[in-house]
Structures are given as C-alpha cells and as structure tokens.
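coords below, sequence missing:
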Ligand code: SAH
Ligand code: SF4
C-alpha cells in the first residue's frame, strides 16, 4: 500500500487519520504544527510526539513535498519556483516580497480548461487537477525555504493568492482543505482577508466557497459586455456577467472584506478604450461593492494580442477613478524571470519562446494595492 502524504490533510482530516491509527485528537494538532509551522518532513524530528505514534507513522505515512525543477530570483527579489508534478507536467509558485507583506502566488491545476484568449496557461490546455497535497506543498516549501534563506523563525509569507496556473474553482474539492490549512492557527495562521481565490467566474462554486471557506475573492472580469467577455473568457457563455455579478453580491454577505476585487487584463484596442471604461462604470456602479485592479497584459506570441500602452492604461484608470472606484494598476514584478501573471510554466511547454521574451518591453506603473 502507498504511504499517505500528510500534506493532503487539513487539521480535521489529520485528526480523523490519527483516530484511525488509534491516537488521540490532540496528537494530530502536534503533528500538524510540526509539519506546517516547523516545516518538518521527518518523524524522528518530532521530539514531543510519542515514540509509539512516530513508529506507527513511519512506513505508513510520509511528508512529501514537490521536486523543484528550477528556481529563478529576479533583480527585484521576486522568486519563481518550477515544481515537477509528474508525467512531464510542471507548475509554478511565485514569491513577491513587498515592504509590508510577502505574497505567494500558488497554482491549482497543471494547465487550465477555461482557455482564456490572453492566458498562456489557457493556451496549454488542461492536464490535471493538483491534489490538496500538491497545492499545500507549494506554500510548505516556499515558507520554510524562505525562512532558511532569511535565517529567521518568523513567518515570511503573509498573503496567498490563488493566481498561479489553473482555475481554482474548477478544482474545488482539493482546493478547500488546502485553504483551510492556510487559515488554520495550527497551520499557517493566515487571516481570511490575506488568502485570495481568483476565479474566471465559476458561479456555482462561488456560492459553495461562500458557505465552506469564504476567503477574499478576486474575479477576472476583463470586459464590460457579454459579447466581448464571451471571446476573452469562454466560461462567460455558461455564466454570463449578470449571473456572475449576482454571485459576487451573494458572496459579499460572508466575505472577509466588504468588496470584490475585479481584475481586468489590459489588451490594446480590445478592451482598453475609454468608452469601455464608461461601460464598466455603468455595469458596476452602485451594483457591486468592488475595487478594480488593472493588469498590464503579459504578451506571448501565440496570443496575437498586445499590451495596452501605459497612456491607455492610465486613461482607462482615470475614468474609473473619476467615477469613484478604487482602482489600482498592477505593477509588473519579476519581469526579468517571466514571473508575471499568465507567463507561468511557459518555458517547459515551449522553450522556443525564450528569445521573444528577452525583448519584452519593461513596464513600470503605479504600485498595486
Ligand atoms: N484562473 C484564475 C486564476 C489564475 S489567473 C483566474 O482566471 O482568475 C490569475 C490572473 O492572471 C487572472 O486575473 C488572469 O486573468 C490573469 N492573467 C492571465 N493571463 C494573463 C496575461 N497574459 N497577462 C496578464 N494577466 C493575465
Ligand atoms: Fe485559466 Fe485563469 Fe488562465 Fe483563464 S486566466 S485560462 S481561467 S488560468
């Protein structure tokens, strides 16, 4: 029988597992703290755990992270890890240090089935869902790796955003225990405001998340009208904008923040005209409590799309700000290591793009929220 990877359990799951082994519930709490707070991977390290339990675990269970294929450190301190998830698939996590926080961007799937026009993960197609253990392993590895490099026992990662590869709400069952582990005081102890699920708009799962684990929600909107959003985010044909906004409003009842963040990827002459900003104002004003986050498009050749100029981004933002919306323009980070949104794990799939990326124009705009 294969050994169980303990990274797959949230705390209640680990307690149930310990019970199966004939152990008391509080043992699970001890074990969980060793794994997530101390980064232990070897049962022998767990000095305050009864020897009998350690012996039971050895042979039956493992604490198994992901193999790191590569690590890239950007000039701005951003770190990108590429992890092997088997069968030629790889996923990425990106650490983004800022003055007041450290954010880890985590992947939920190898590839993605939604197939957004402007997303290189979407262009790769869908390989498979990540397991809870594979989602948690990204945080487990990054947190303890960063503590070692910074020679600290203090927490380094203060925020998690599910904005890596994949559509988290199309991997719901594996996602939720991973989120719960992030939030658990005996795990990573992150507040619900500091864990963000980003979704292209899987309406029924937004409703389920509201009940099961209401963390901060970001919704990838990208267009003010259905005909345009149908083209950019194919899932819109199934869950059009009106239904999506209704789900956002239902979510707000339980959300840890009193707003939804709408993401809007700025595509030159596709969705970035001032008139489209006006349409967006009409769509959202007084309808949903929200903030807007404009993301400069990270180009890749197969998309056939172009990043909006800074002037167009600023003009678009101005319309929204004038209308009273809190609007930020995401600063591109890790540009020199292709760590920005939509670029993730492109290299393993298609190395020939590398030379084109080298000439990508750097963009620096207002600091993100
Ligand atoms: N599937 C989820 C989360 C992963 S994508 C979602 O779509 O929300 C995270 C964010 O990166 C989304 O807002 C997505 O629209 C954006 N994104 C994807 N490709 C991009 C690109 N090439 N340039 C800029 N942003 C991109
Ligand atoms: Fe999938 Fe998000 Fe990329 Fe769309 S933007 S293809 S939902 S990862």
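Ah, there it is. A quick note: this is a predicted structure, and the numbers were derived from the prediction, not measured. Ligands and ions are numbered 1, 2, ... in the order given.

Let me see the contact set for residue 70.
Taking CB atoms under 8 Å, 6 or more residues apart in numbering, we find residue 70 in contact with 81, 82. Quick note: C-beta positions are derived from backbone N, CA and C, even for glycine.

Spell out, range by range, the strands that occur in this protein.
4-5, 61-62, 67-73, 79-84, 90-98, 101-105, 109-111, 126-129, 159-162, 195-199, 216-220, 260-266, 290-296, 327-329 (DSSP state E).

got the buried residues for the fifth one?
By that I understand strand 90-98. Going by neighbour count (16 or more other CB atoms under 10 Å), the buried part of strand 90-98 is 90, 91, 92, 93, 94, 95, 96, 97.

For residue 167, see how far away residue 208 is.
When CB to CB, to the nearest Å is applied, the distance between residue 208 and residue 167 equals 14 Å.

between these two, which one's more packed in?
Comparing residue 208 with residue 167 by other CB atoms under 10 Å, the one with more neighbours is residue 167, at 29 against 14.

Pull the number of nearby residues for whatever residue of the stretch 1-150 of the chain ends up closest to ligand 1.
Proximity of the stretch 1-150 of the chain to ligand 1 (CB to the nearest ligand atom) peaks at residue 119, 3.5 Å away. By other CB under 10 Å, the residues close to residue 119 number 25.

So residue 218 sits against residue 200, correct?
No - with contact defined as CB atoms under 8 Å, residue 218 does not count as touching residue 200 (10.3 Å).

quick one: which of those two has more around it?
It is residue 200, of residue 218 and residue 200, that has more neighbours when counted by other CB under 10 Å, with 27 against 18.

quick one: the more buried one from residue 112, how far?
Distance from residue 200 to residue 112, by CB to CB: 9 Å.

Got the phi and psi for residue 254?
phi -110, psi 0 (degrees, to the nearest 10).

Isn't it up against residue 208?
No - Residue 254 lies out of contact with residue 208 (CB under 8 Å); the separation is 11.4 Å.

show me the contacts for residue 49.
27, 30, 31, 34, 43.

Could you give the number of residues near the last one?
In other words, residue 43. 21.

how about the nearest residue to it, chain neighbours excluded?
Closest residue to residue 43 apart from its sequence neighbours, by CB to CB, 6 or more residues apart in numbering: residue 54 at 4.5 Å.

can I assume that neighbour is in contact with residue 48?
No - if you go by CB under 8 Å, residue 54 and residue 48 don't touch, sitting 10.4 Å apart.

More neighbours: the two, which one.
Neighbours were counted for residue 54 and for residue 48 using other CB under 10 Å; residue 54 has more, 16 against 7.

List the residues that contact that one.
43, 44, 46.

what's near enough to touch the residue lying closest to the last one once chain neighbours are set aside?
Distance criterion CB to CB, 6+ apart; nearest residue to residue 46, sequence neighbours excluded, is residue 34 at 4.7 Å. Applying CB under 8 Å, 6+ apart to residue 34 gives the contacts 40, 45, 46, 49.

Just the closest of the residues you listed to ligand 2, please.
Comparing the contacts of residue 34 against ligand 2 with CB to the nearest ligand atom places residue 40 closest, at 32.5 Å.

and stretch 101-116, how far from the chain's centre?
Its chain's C-alpha centre and that of stretch 101-116 lie 5 Å apart, by CA atoms, centre = their mean, to the nearest Å.
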